[in-house]
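# Predicted coordinates and the sequence they were generated for:
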Amino acid sequence: MTGQAGPAALRSGHRRWAVALFVALLVALLPALPMLPATGAEAAVTRAAEAKPVVTLSKQQAGKGGEITVKGSGWRPKALLMMLICGRSAPDRGVIGGTNSCANAEGRAVTTDAKGAFRKKMPVAEPPVPCPCVVHVATVTGEQAAADAGFVVAGHPIAPLPKESGGGRLAVLATTRLEGDSGILTWFGASPARHLVFTVGNLGSAPVKDPVFEVGTAHGVFAPQWEERQWRGTIGSGRKAQIELPVELTAGAHGDYQVSLRYGGKVLAEQPWGVGRPWGVTLFWILLCLVVPAAVFRIGMAIVDKVRPRSSRAPDRAGRHRPPGPADATAKTSKTAKAAKTAKAAKIPRRRRAPGRAADPATAPTDDPSTTTAALPWFTPDSAPSENRPTTKGHS
């Protein structure tokens, strides 16, 4: 019994050691298992973040009127892009002069897919400045991103690019702001104007003298319109300076705008700008719609009053409203008395003659209408019939 129990206990101890070792290894490996997929995901995110937008062309050279296919990858998903053919540019230096060096009228817009890629055809056009040329692709909204691909426009002039400045490199050190206020003229449609104030520092090894900045204004989803603004002065290496650049919009502009600052082909800062509506213009049009019809109506009535014919019996305008005088009052009183007398005479009954008494025409009063008897045309006063004297007709 004892000899058989020794090997069994030994085998049981080995099994316990194996289970304990397995559990220890499992506990040691469990924290490391979630790290493997997480590390892969982080690596993918890092690669996506480090990936830069890329643009490729179906043709490297084409003449005006031709067509090329532009492909891109590495862009932000569902991003709106603009494609332009620009002169005085190079892929390593960007577009010198901004979009003023591009054929903006023949540009095209495209939206990337869920993977950040796109494919779009665009016509070949000659830029307003000489080549070297590029196909410039940039985002319209959201985070700024751009990429260039070298391109040759056949038959277009070629000129060397301007020399780069020294080793100076400028960067914005503080938040930009817009200073200034709108006057009363802006309320009536004048051009809104502000000053873009920012602080830049020279991070390079050489001073920067009279730097030329580009100030762009964009409204909604449209691309910025860039204008060059030169600042007079020198910024030494390791120094900083506060710069003010004028910004002006078109007359009657209103809504949400975005002001961008660019130097050396790189956007340094962006500043939103909300421009109020010029209500004075609206008020002017409302008053114009009220005053002009009233003035036309008055002029028309005056013309009608001048040209209409006048009646000869009509009294003079000044006599129409003449106050009544003493003569008018006397005439009115006499007419009233005469009318009352006529009415009274009409109410008095006619007197009847006494029988057997003939009226004497010579002594009968003729003024009183009640006592005057009108003679009938077929009887004489002596032969007129009466109650006591019948007619002779039918008697002998």
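Yep, it's here. Residues are numbered from 1 along each chain as shown.

# Residue 248 reaches residue 191, doesn't it?
Yes. With contact defined as CB atoms under 8 Å, residue 248 counts as touching residue 191 (5.4 Å). C-beta here means a position set from N, CA and C on the backbone, and glycine is covered the same way.

# what about stretch 171-188, start to end distance?
Stretch 171-188 has its terminal residues 38 Å apart, counting by CA to CA, to the nearest Å.

# Tell me how confident the model is about that stretch, as a mean pLDDT.
Across stretch 171-188, pLDDT averages out at 85.

# Residue 199: neighbour count?
14 (other CB atoms under 10 Å).

# So which residues of the stretch 1-150 of the chain form strands?
Using DSSP state E, counting those that start in this stretch, the strands found in the stretch 1-150 of the chain span residues 54-57, 61-63, 67-73, 80-86, 89-90, 94-95, 108-111, 118-123, 133-139, 146-154.

# Ok, which of these comes nearest residue 230?
strand 94-95 (18.4 Å; CB to CB).

# Report the mean per-residue pLDDT for that closest one.
Per-residue scores along strand 94-95 average to 82.

# name the element residue 200 belongs to?
Assessed by DSSP states H and E, residue 200 sits inside strand 193-202.

# residues in contact with residue 136?
Residues in contact with residue 136 (CB atoms under 8 Å, 6 or more residues apart in numbering) are 83, 84, 85, 86, 89, 95, 102, 146, 148.

# Which strand residues bridge the first one?
For residue 83, the beta-bridge partners are residue 108, residue 137 (DSSP bridges).

# Now do it against residue 170, distance only.
Between residue 83 and residue 170 the computed distance is 29 Å (CB to CB, to the nearest Å).

# With the third one instead?
Separation of residue 85 from residue 170 (CB to CB): 29 Å.

# more crowded one of those two?
Neighbours were counted for residue 85 and for residue 170 using other CB under 10 Å; residue 85 has more, 29 against 21.

# Enumerate every residue touching that one.
Per CB under 8 Å, 6+ apart, neighbours of residue 85: 102-103, 106-107, 122, 124-125, 127, 133-136, 151, 153.

# closest to residue 142 among those?
For the contacts of residue 85, the minimum distance to residue 142 (CB to CB) is 17.5 Å, reached by residue 136.

# where's that closest one relative to residue 247, distance?
24 Å.

# ditto for residue 87
The spacing between residue 87 and residue 247, counted by CB to CB, is 26 Å.

# Look at residue 200 and say how many residues are nearby.
With other CB under 10 Å as criterion, residue 200 counts 24.

# before we move on, what about residue 260?
Neighbours of residue 260 (other CB under 10 Å): 21.
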